[in-house]
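# Please work out how this folds:
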Amino acid sequence: MGAMLIEQFEQQDDEEVARMLEQDIAILKRCKAAPDSLAEHVDLFPLPGYTPGTCGLLLCLSQYTGLVAGDAILTAEHLQAGRISSSCFDLEQARESLKEIIEIADVIIPGHDNIALNPMRRPV
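Next up, the predicted model:
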């Protein structure tokens, strides 16, 4: 993401836009990468595709694995249908992220919906 801003800045002729991009780049330079583990049983889980750098929260509990998916899965309906948002940044990466979510999580919290059970693991 930072590299894209720098590239836009270098190609910018409009002084006001260049100033705004320069401010955004300065903010990004102050940012640090988050640790992989945020707390006991809570890990960052990369979910690229919808937007660059998207991560979910992986909750590893004794009885089940939960995943806060954010916009990697918009709603329970999207999960049920195996659908990706058409407005995603990289469709192939988004599909791979969806597959990983379904492989790893028993319980999924979509970005714009309530908690959902993994349709591939739902009890009969």
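# going forward, measure contacts between C-alpha atoms and count neighbours the same way
Noted.
# For the protein, just list every one of the helices.
2-10, 15-30, 76-81, 91-104 (DSSP state H).
# Mind checking the pLDDT average for the first one?
In this case it means helix 2-10. Mean per-residue pLDDT for helix 2-10: 64.
# do the same with the second one
Averaged across helix 15-30, the pLDDT comes to 83.
# Low-confidence stretches in this protein?
1-12, 122-124 (pLDDT under 70).
# can you list the domains in it?
Segmentation of the chain into domains, based on automatic domain parsing, reads 1-32, 37-117.
# from those domains, which stretch is densest packed?
Mean neighbour count (mean count of other C-alpha atoms under 10 Å) peaks for domain 37-117 among those, with a mean of 18.
# Figure out the length between the terminal residues of that domain.
24 Å (C-alpha to C-alpha, to the nearest Å).
# Can you give the distance of it from its chain's centre?
Distance of domain 37-117 from the chain centroid (C-alpha atoms, centre = their mean, to the nearest Å) equals 7 Å.
# Indicate which one of the helices of the chain is closest to residue 45.
If you check each of those against residue 45 by C-alpha to C-alpha, helix 91-104 wins as the nearest, at 9.4 Å.
# residues in contact with the residue nearest the centre of the chain?
The chain has residue 54 as the residue nearest its centroid, 2.7 Å off, counting by C-alpha atoms, centre = their mean. Counting by C-alpha atoms under 8 Å, 6 or more residues apart in numbering, residue 54 makes contact with 46-48, 72.
# about what we covered before: now the helices of the chain as TSV including distance to residue 119?
Shown next, in TSV, are those (distance: least, C-alpha to C-alpha, whole Å):
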stretch	distance to residue 119
helix 2-10	37
helix 15-30	38
helix 76-81	6
helix 91-104	8
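# Out of those helices, flag the one nearest residue 114.
helix 76-81 (7.3 Å).
# who's in contact with that closest one?
By C-alpha under 8 Å, 6+ apart, helix 76-81 touches 73, 84, 110, 113-116, 119.
# ok so, going back, any idea how far residue 62 is from the residue nearest to the centre of the chain?
26 Å.
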